[in-house]
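Trainee: Okay, here's the prediction I keep looking at, along with the sequence it came from:
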Amino acid sequence: MKNNILLILACFTSIFCSSQMKLNKNKEIDILIKTPVKLAPEKPIIYTIKNSSDKTFIIDPYGFVGDSYWTFNNKKLIPIEFSRGYYSREDKNCRDDLIIIKPKQKIDIGLSLNYVDKAIYDYSKTGNYIRNIQSKHSKQNGMPSTCKSYINELEKKGYIMLEDSIVAKIPFVK
């Protein structure tokens, strides 16, 4: 009887667990998200970054650039407007912005998986949303070039700028 109760409890807890989805292609760094993600536009989305290597990597949280769009119940959403402006930074901001992930380290942090996406969407309907993303992170992207001298300083210490890409369809629910 006791075993049956434990089995039932285990089943209920596993039903409500979310799974982790790997978003990137790099084999040494994993960028993960628990899915499905609860859609709450006022809250930042938190990603888990795991470094499984013996190297220290530099990641720009605004360094992913590419194409992205949203779907709602399998139909592409049309943006209701676009945000204006851009994020400008100096080397002093780079020290605060850039993510330094040491060997075997794991961190939870917010990222922009496509910095150039300035679209604003209407998320008022209840249903299934999917964020479709194709982006790349490299030293050549626009945002890392604003931190060029700081990145060069870190690379002289042996740090490596992440070269990576994301091709993902992230499920959200509301």
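Mentor: Sure, I can see it. Numbers count the residues shown, from 1 in each chain.
Trainee: Can you tell me the element residue 92 falls in?
Mentor: Element membership for residue 92, per DSSP states H and E: helix 91-97.
Trainee: any residues touching that helix, and which ones?
Mentor: Contacting residues not belonging to helix 91-97 are listed as 60, 61, 62, 89, 146, 147, 149, 150, 151 [Cβ atoms under 8 Å, 6 or more residues apart in numbering]. Quick note: C-beta positions are derived from backbone N, CA and C, even for glycine.
Trainee: ok, the fifth one - how many residues close by?
Mentor: Counted with other Cβ atoms under 10 Å, residues neighbouring residue 146 total 19.
Trainee: right, and it touches residue 115 too?
Mentor: No: using Cβ atoms under 8 Å, residue 146 makes no contact with residue 115, being 11.6 Å away.
Trainee: Please point out which parts of stretch 150-166 sit buried.
Mentor: 150, 151, 154, 159, 161, 162, 164, 165, 166 (16 or more other Cβ atoms under 10 Å).
Trainee: Restricted to helices, list the residues you listed.
Mentor: 150, 151, 154 (DSSP state H).
Trainee: How much space separates the first one from residue 27?
Mentor: Separation of residue 150 from residue 27 (Cβ to Cβ, to the nearest Å): 26 Å.
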